[in-house]
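Peer 1: sharing a model that was predicted from the sequence below.
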Amino acid sequence: MDILTDINAVEDILETELFGNGHCHSGMHSAAKYIHNDISTRLVDIFVKYPDYTLVICGYSLGAGVAAILSILFKSTYPHVKCYGIAMPGSVLSENLALPTRDFIYSYVVDVDMIARAS
């Protein structure tokens with residue numbers, strides 16, 4: 001799956017209710033939409049049963065990019081969502097989406113990791 005996500009590196013439009021429209025990595029967007037559709041119903045059930053829980057999404061490398069986009073997709077439903085991305089590629093979101101989401105998407109880069117620093 002990672003190689004297919006990597007290859008699908010064209011720009012895609014990410015439409016959001018809270019932050020307007022921007023651009024994102026197409027392969028990561030496809031993966032995030034798939035996961036969003038797959039787990040949304042189960043999350044509703046979980047948060048009905050455990051209303052004090054907070055949604056935390058994390059990922060590493062390409063998964064960190066998917067986690068970032070996924071957290072944006074869930075933000076309007078789960079306003080306290082947090083995302084932790086380790087070695088997230090630098091080309092996940094356009095600046096107009098990256099700036100307003102920095103209060104809930106955290107990216108951690110180790111030393112001089114060239115993938116995370118490339119943008």
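Peer 2: Cool, got the structure. Residues are numbered from 1 along each chain as shown.

Peer 1: and residue 19, what does it touch?
Peer 2: For residue 19, the contact set (Cβ atoms under 8 Å, 6 or more residues apart in numbering) comprises 72, 96, 97, 100, 101. In short, each C-beta sits where N, CA and C put it, glycine included.

Peer 1: output these as CSV; include the columns pLDDT, neighbour count and distance to residue 52.
Peer 2: Formatted as CSV, the contacts of residue 19 follow (pLDDT from 0 to 100; neighbours: other Cβ atoms under 10 Å; distance: Cβ to Cβ, whole Å):
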residue, pLDDT, neighbour count, distance to residue 52
72, 98, 27, 23
96, 94, 13, 33
97, 95, 21, 29
100, 96, 16, 26
101, 96, 20, 24
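
Peer 1: closest to residue 57 out of these?
Peer 2: Taking Cβ to Cβ as the measure, residue 57 lies nearest residue 72 of those, at 10.0 Å.

Peer 1: could I get the full set of helices for this structure?
Peer 2: Secondary structure of the chain (DSSP state H): helices at 2-7, 26-49, 62-75, 95-98, 114-117.

Peer 1: for residue 81, find the nearest of those helices.
Peer 2: Residue 81 lies closest to helix 62-75 among these, at 5.0 Å (Cβ to Cβ).

Peer 1: pull the residues that contact that closest one.
Peer 2: 2, 5-6, 14, 16, 18-19, 24-25, 27-29, 31-33, 35-36, 43, 55, 57-59, 81-89, 92-93, 97, 101, 104-105, 107.

Peer 1: out of those, which are buried?
Peer 2: 5, 14, 16, 19, 24-25, 27-29, 31-33, 35-36, 55, 57, 59, 81, 83-89, 92-93, 97, 101, 104-105, 107 (16 or more other Cβ atoms under 10 Å).
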